[in-house]
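>>> Turn this into a structure:
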Amino acid sequence: MTQPAFPKLLSSQIAFDIARAILDGFDKHYRLFRQASREARGHFERGEWAVAQEAARERIGYYDRRVQECVHLLEDDYAPEDLTDDVWRELKLHYIGLLTRHKRPELAETFFNSVCCNILHRRYFNNEFIFVRPVVSTEYIDAEEPAPTYRVYYPGAEGMRFTLSRIVTDFQFATAFADLPRDIARVEERLAPFFAEMAPNAQCQVLSSPFFRNKAAYLVGKAINGDRELPFAMPILHDHAGQLLIDTVLMEQEQIETLFSFTRAYFMVDMEVPSACVQFLRTLLPRKPRSELYTVLGLQKQGKTAFYRDFLQHLKHSSDLFETAPGIRGLVMLVFTLPSFPYVFKVIKDFYPPPKDTTRAQVKEKYLLVKNHDRVGRMADTLEYSNVAFPRARFAEALLAELKHHAPSLVEEEGDQLVIRHLYIERRMTPLNIWLTQAEQAGNAAALEHGVVEYGNAIRDLVAANIFPGDMLYKNFGVTRHRRVVFYDYDEIEYITDCNFRAIPAARNEEEEMASEPWYPVAKHDVFPEQFGQFLLGNPNIRRSFLRHHAELLTPQWWQARKERILDGIVEDVFPYPQAIRFCNIPASTTMPSPETMK
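Numbering: from 1, shown residues only. Take a look at the predicted model:
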């Protein structure tokens with residue numbers, strides 16, 4: 001009987017040294033990532049909103065900088081002939097050994113992939129050399145210092161008022177609350193129906209680190225009572241005097257999902273064990289894939305890795321064909337989709353017909369701007385990939401012909417694969433122009449009104465974030481499954497502060513008024529809001545609704561006033577939850593129960 005061959009002992013010092021260098025590079029990255037996340041608390045407590053936004057933007061670039069540092073180190077220290085296939089195979093095994101007790105093995109594996117893919121040709125992107133699938137389990141890893149991933153509180157033993165007070169005070173914010181007993185009374189009133197009859201296991205589990213974003217800190221957790229669970233999030237804001245207040249408590253599933261939406265900026269949150277935090281959030285948001293949760297926590301590279309693994313798995317268990325996405329064809333992007341998969345794939349075309357005047361590099365800069373900017377719930381986040389291999393047989397012939405015609409420099413066939421050298425992937429939405437058309441055809445006046453109101457609200461929120469959409473046609477906006485309108489065409493966006501909002505000068509005579517070309521000079525960044533109605537409000541039903549809710553958007557005065565506020569350093573409030581549920585909307589005559597009388 002033939003004896004099984006034992007694996008050769010790991011003997012390459014080069015392989016071990018490279019594995020150690022890559023892990024050191026990752027550990028440096030995460031140390032700096034956590035430091036920036038911790039510093040967000042101070043920015044929040046001191047009300048340093050502009051500093052906080054700049055720190056959030058800066059943190060996004062940490063990962064790529066550390067990867068490039070590591071790549072340059074390896075290229076400087078090792079000759080290409082030293083990095084044989086045997087060394088690469090052994091290198092991966094050494095790396096797995098180094099991750100045995102690591103708190104963040106899944107992130108370290110992704111960092112390893114990033115470094116290796118910067119050095120290796122894509123023909124080596126396989127199981128032998130990189131982590132196509134995760135190898136080290138993240139189950140049951142938990143934080144140790146300074147606190148576990150989440151804390152548990154028992155209102156049955158301590159009383160609801162005391163429990164809620166302790167949940168908030170345990171975070172030890174350096175800034176005082178204006179009236180914490182009042183805020184606790186309001187939270188208790190909202191939670192009271194859930195705890196009307198307390199089961200023996202009644203408890204509140206709260207993540208140990210606050211979630212910071214923009215001008216708010218969020219305490220995130222869930223209430224458990226018997227076999228029922230209730231997710232909740234408490235936004236904490238500054239009042240006009242600079243003291244803290246609890247603004248509301250979010251408890252509905254849709255509200256929590258919107259808080260963690262792909263259309264919002266990444267949270268700043270200190271996590272010793274990210275996988276434990278993601279696992280906890282999965283219990284609150286069961287419909288959110290892990291990839292989106294990692295991304296919204298600022299770990300966007302891990303989000304990309306998890307997404308791509310989910311995508312490959314979906315391809316194995318589906319058989320439909322990729323096809324051109326529904327909607328009006330864009331001049332800059334070719335967009336396609338897989339009907340069974342809720343995302344779209346966007347490829348920058350090689351050439352653009354007039355009136356488009358841009359380049360691929362400029363389009364990529366716009367998408368990077370959105371990645372680094374506060375998206376205020378109105379711009380879709382995108383995943384950017386290079387050298388993505390698709391199964392050639394899954395492409396409809398019409399789509400393949402479109403790709404080869406419009407983006408030949410980005411498409412390459414390799415055997416049974418179609419390789420696209422660069423693309424963006426984005427959540428699929430219903431184009432707003434299709435939504436409005438379908439609503440009108442169905443005679444659904446409420447849906448039409450909702451779409452127009454949301455469209456105007458999206459523009460207002462974008463302006464608050466210093467973003468001018470550029471091309472404001474309905475086709476460039478989409479409607480999410482939560483019926484929110486989101487902007488997703490970025491090739492013409494500009495900062496509001498770079499735009500010059502002007503009124504159209506009066507014509508001096510009839511010839512000027514009837515001329516096909518403007519009779520007045522127009523500079524590159526000049527914007528004339530009075531003209532918006534000409535190409536947006538041709539439909540009388542849409543026009544009536546728009547003028548009823550958003551008529552000021554057609555005046556240069558409104559736009560210029562917002563620009564001046566931004567230039568004055570004012571960071572506007574854009575809330576990721578309905579105004580109606582904010583505690584400040586409780587009428588002054590409403591008498592809240594005194595904390596002393598609450599049980």
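
>>> Could the C-alpha coordinates of stretch 24-33 be exported in PDB?
Backbone C-alpha positions of stretch 24-33 (Å, rounded to 0.1, in the frame of the first residue of the first chain) are rendered in PDB as follows:
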ATOM      1  CA  ASP A  24       3.700  44.100   9.800                       C
ATOM      2  CA  GLY A  25       2.500  46.300   7.000                       C
ATOM      3  CA  PHE A  26      -1.100  45.400   7.800                       C
ATOM      4  CA  ASP A  27      -0.700  45.800  11.600                       C
ATOM      5  CA  LYS A  28       0.700  49.300  10.900                       C
ATOM      6  CA  HIS A  29      -2.300  50.100   8.800                       C
ATOM      7  CA  TYR A  30      -4.900  49.000  11.300                       C
ATOM      8  CA  ARG A  31      -3.000  50.700  14.200                       C
ATOM      9  CA  LEU A  32      -3.300  54.000  12.300                       C
ATOM     10  CA  PHE A  33      -6.900  53.200  11.300                       C
END
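
>>> what comes up buried for it?
Of all the residues in stretch 24-33, those buried under the rule 16 or more other CB atoms under 10 Å are 25-26, 29-30, 33. All C-beta atoms are positioned from the backbone trio N, CA, C, and that covers glycine.

>>> where do the helices sit along the stretch 201-350 of the chain?
Secondary structure of the stretch 201-350 of the chain (DSSP state H, counting those that start in this stretch): helices located at 253-259, 274-284, 290-296, 300-316.

>>> I meant the stretch 351-500 of the chain, not that one.
Ranges of helices within the stretch 351-500 of the chain are 360-372, 397-406, 432-441, 445-464, based on DSSP H, counting those that start in this stretch.

>>> which stretch among those comes nearest Leu237?
Evaluated with CB to CB, the helices of the stretch 351-500 of the chain place helix 445-464 nearest to Leu237, the distance being 15.7 Å.

>>> List the contacts of that closest one.
For helix 445-464, the external contacting residues (CB atoms under 8 Å, 6 or more residues apart in numbering) are 376-379, 432, 435-436, 438-440, 468-469, 472, 474, 477, 479, 483-487, 496, 541-542, 545-546, 549-550, 553, 559, 562, 572, 574.

>>> same check, this time on stretch 28-38
Residues from elsewhere that reach stretch 28-38, judged by CB under 8 Å, 6+ apart: 55, 58-59, 62-63, 66-67, 104, 107, 111, 212, 268-272, 298.

>>> cool, stretch 351-362 as well?
Contact with stretch 351-362 is made by 331-332, 348, 350, 406, 491, as judged by CB under 8 Å, 6+ apart.

>>> of these, buried ones?
When burial is judged by neighbour count using 16+ other CB under 10 Å, the buried members of the contacts of stretch 351-362 are 331-332, 348, 406, 491.

>>> Farthest-apart pair in those, please.
Greatest spacing in the buried ones among the contacts of stretch 351-362, by CB to CB: His406 and Asp491 (14.5 Å).

>>> can you count the residues close to the nearest residue to Gly303 once chain neighbours are set aside?
Leaving out its chain neighbours, the residue that sits closest to Gly303 by CB to CB, 6 or more residues apart in numbering is Thr295, at 3.2 Å. Using other CB atoms under 10 Å, the number of residues around Thr295 comes to 22.

>>> per-residue pLDDT, the nearest residue in space to Leu297 that is not next to it in sequence?
Of all residues beyond its chain neighbours, the one nearest Leu297 is Phe267 (5.7 Å), with distances taken as CB to CB, 6+ apart. For Phe267, the pLDDT comes out at 97.

>>> No further queries at this time; thank you.
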